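Colleague: Take a look and give me a structure for this.
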Amino acid sequence: MIGHAMLRCALHWAIPARGHRLLPRATAPARPKHGFAAAGFSRRHFKKDLLSTLDISPVTVTEIRQYLRDNNLSFHDGYSCLHVRSPFTPSKDNLLFLDKTTGRFLCKETLLEGSWEDFKDSMDLLVKEDCSFLNPDTITSYLEDSDSEEGERQLTNMEVSRIWTKAVWLHDLEEEDAQLIKVMFNLSKITNATLKKYGVKCFQPTKSLVFPWYNPRDSTMKGLKLLSAVCQDDVVDYVETVYPGPSRYHNLFGITVAGKKDTEVVITSKEVDSLAVHQATGMTTISLPRGITCFPPVLLPYLEQFKRITLWLGDDLRAWEASKLFSRKLSIKRCSLIRPGDKQPSPLKGLNLGLNLNKLLKTSLPASHKSIISFRQLRSDVFSQLENIEQVAGVKWMRYPELNNLLKGHRKGELTVFTGPTGSGKTTFISEYALDLCMQGVNTLWGSFELSNVRLAKVMLTQFSLQRLEEQLDKYDEWADRFEELPLYFMTFHGEQNIKSVIDTMQHAVYMYDINHIVIDNLQFMMGQEHLFSDKFAVQDYIVGAFRKFATENGCHVTLVIHPRKEDDDKELQTSSIFGSAKASQEADNVLILQDRKLVSGPGKRHLQVSKNRFDGDIGVFSLEFSKSTLTFTSSKSKAKVKKVRENETADASPETTPAKKKNIKGDPCT
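Modeller: Residues are numbered from 1 along each chain as shown. This next block holds a predicted model:
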């Protein structure tokens, strides 16, 4: 047996932060130049994970089908993709997969991939050259990375090769060392044979598990993930480091182990859970590269062969929500979900507890229901809400604990309206408000129509680093690298925009990046482009209704900044001060007001007022202090930070008309 002290000693190894290189960087070799442009073709860089592609006109599955028919291309309607014969190989049996939502293609034989526009260009070239297929090497040079991206990729490949070469198989370790590693990662019941089958090694310098990303075409190494254990105050945290970076790490761990004729698969959120399922059941299992935070659509073609998919993503409410969201991408008709609970833990935990994982898999629920006809079908969902009340309340802010006391947390599917006087710092505050959540893994999309993305990113980077980087330029790259790892994206719109274009972009972002929070700053910049109504208040009502519908249908929180109407300087803003009709405050789940003057009830330059909270009715106000050097807001050090009063103290007042002197109302959460 391995003693607890020995385990603690091993866990206290210094583990590099996420993205820190474990081995010295090598010098990238000079990249050969291609002569493709000289042949008469214009160079167009292949669009990968850049959000700037969101301003491209979206394509519908109807348009894709019509294009294929017009060009006499036969196709098969799959679960998430359309299957057509690949134009990049001579064999008629090799398929190319077209994503039904984006038109993005993947040829599994050559691993060529690209956008819908890339596919159409390739087909035009095929006709122009009058050939039976396109040379994949030529097309690769056409769709390749830029010089800087290619250089970074080569450096990453060198590091991957060095780490993988230095890592060792667990069965080659001394028995005591191998047992220690298994104890550290709770893998005592996982055999060395299973670890070998999935290619799992150990990187001894940091006592890390190494999970490989194999090329599904020729089993060469494309990347890897290191899982490290860090122990602090008797609590073990597991830290992941991936090569290449998260935005390019698209490994379906275990997909190369699956047989080509397998029709059933279990999808987990962690590699160790996949090992547990396969160990206990022998079933085909794979794990997602980014856990429950994101399901990149680029992976969907690799799952087209499976007729039945069971999603077993974890043992908490967030895993359950992710299961329902991901099943939409995979086609809910073939998906079943494992509901989290004490009797249905995560796979690895269940294996270690001695539970029968085969029986647990049989308890999976179909992702689709024709209708909800009784409380009996809702009963388990209601119980889950009551059992996980803290998780239901949402993600907590780290920088604004007083906001947690009022709103309880940031929840999916809600609409928040935020307002404040001109020049009060609305954009600065809301950027930090969103950054706080983003730093905790909430995938965030920013739509800044008034402030350029460069200026907004500069503000957020300052808030992130908590220092003036213009005075410490030598630290810029370090902080920029860390900032770049955040799940943060920006729309490319600026100035007046059409609401339909904005909604289409939001829909695309939710599908591509599993966005959980969208910030729109601000509503007034979308009103000038609308001509559906002559009445500007009707235009605003229409736009607010569109955002409300989007938030509900996509389970995505939308924060909408709206300028207030003109008020007297000596009056504080109220919910009724929001520009337009009452629809914005009626549709909103939360209304936040940044007050830029002293309240009657206390001192302070700025205050944040929660004037509506549909979740549980708590409303109130707390003071803020602004730091110009870091562009951040902090709670005032005054004794009464959050002011509340009971409903009986404001029996005749409503949340929308109560003056700040009333401090707080415990209102009806359904209003």
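Colleague: for stretch 80-90, which positions count as buried?
Modeller: For stretch 80-90, burial by neighbour count (16 or more other C-beta atoms under 10 Å) applies to 80-89. Heads up, the C-betas are built off the backbone N, CA and C, glycines and all.
Colleague: Now Gly413: which helix or strand?
Modeller: Here Gly413 sits in a region with no helix or strand, counting by DSSP states H and E.
Colleague: what does the one 4 residues further on give?
Modeller: When secondary structure is defined using DSSP H and E, the element that contains Val417 is strand 415-419.
Colleague: Give me the contact list for stretch 100-116.
Modeller: Stretch 100-116 has contacts (C-beta atoms under 8 Å, 6 or more residues apart in numbering) with 46-47, 53, 56, 58-59, 61, 64, 80-82, 86, 88-89, 91, 94-99, 118-119, 122, 136, 139-140, 143, 215-217, 297-298, 301-302, 508, 511-512.
Colleague: How about Ile562: what's its closest non-neighbour residue?
Modeller: The shortest distance from Ile562 to any non-neighbouring residue, by C-beta to C-beta, 6 or more residues apart in numbering, is to Leu523 (4.8 Å).
Colleague: Would you confirm that that neighbour contacts Asp541?
Modeller: No: contact criterion C-beta atoms under 8 Å: Leu523 and Asp541 do not qualify, at 11.0 Å.
Colleague: neighbour count winner among those two?
Modeller: Neighbour totals were compared for Leu523 and Asp541, and Leu523 leads with 24 against 19 (other C-beta atoms under 10 Å).
Colleague: sorry, back to before: so which of the buried residues of stretch 80-90 comes closest to Val127?
Modeller: Val127 has its nearest neighbour among those in Pro87, at 10.1 Å by C-beta to C-beta.
Colleague: Tell me the confidence at the closest one?
Modeller: Pro87 carries a pLDDT value of 90.
Colleague: For it, give me its contacts.
Modeller: 96, 122-123, 126, 133-134.
Colleague: Mark which of these are buried, thanks.
Modeller: For those, buried by 16+ other C-beta under 10 Å: 96, 122-123, 126, 134.
Colleague: Just send these back as CSV, with secondary structure too.
Modeller: Below are the buried ones among the contacts of Pro87 laid out as CSV (DSSP: H, G, I helix; E, B strand; the rest coil):
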residue, secondary structure
Leu96, strand
Ser122, helix
Met123, helix
Leu126, helix
Leu134, coil
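Colleague: closest to Gly314 among these?
Modeller: Using C-beta to C-beta, the buried ones among the contacts of Pro87 come closest to Gly314 at Leu96, 33.7 Å.
Colleague: For the closest one, list each beta-bridge partner.
Modeller: Beta-bridge pairing for Leu96 (DSSP bridges): Val84, Cys107.
Colleague: Thr241 - nearest residue in space that isn't next to it in sequence?
Modeller: Leu226 (4.5 Å).
Colleague: What separation do you get for the closest residue to Tyr214 other than its chain neighbours and Ser161?
Modeller: In this structure, Tyr214 finds its nearest non-sequential neighbour in Thr256, 4.7 Å apart by C-beta to C-beta, 6+ apart. Going from Thr256 to Ser161 by C-beta to C-beta, to the nearest Å gives 18 Å.
Colleague: now swap in Asp589 and tell me
Modeller: According to C-beta to C-beta, Asp589 stands 50 Å off from Ser161.
Colleague: who has more neighbours, these two?
Modeller: Using other C-beta under 10 Å as the criterion, Asp589 and Ser161 rank with Asp589 on top: 21 against 14.
Colleague: residues in contact with that one?
Modeller: 411, 414-416, 612-615.
Colleague: List just the nearest of those residues to Thr281.
Modeller: Nearest to Thr281, judged by C-beta to C-beta, of the contacts of Asp589 is Arg411 at 35.1 Å.
Colleague: Tell me if I'm right that that closest one and Phe615 touch.
Modeller: Yes: assessed by C-beta under 8 Å, Arg411 is found in contact with Phe615 at 6.8 Å.
Colleague: quick one, helices of the stretch 1-150 of the chain?
Modeller: Per DSSP state H, counting those that start in this stretch, the stretch 1-150 of the chain carries helices over the ranges 4-11, 61-70, 116-129, 136-142, 147-166.
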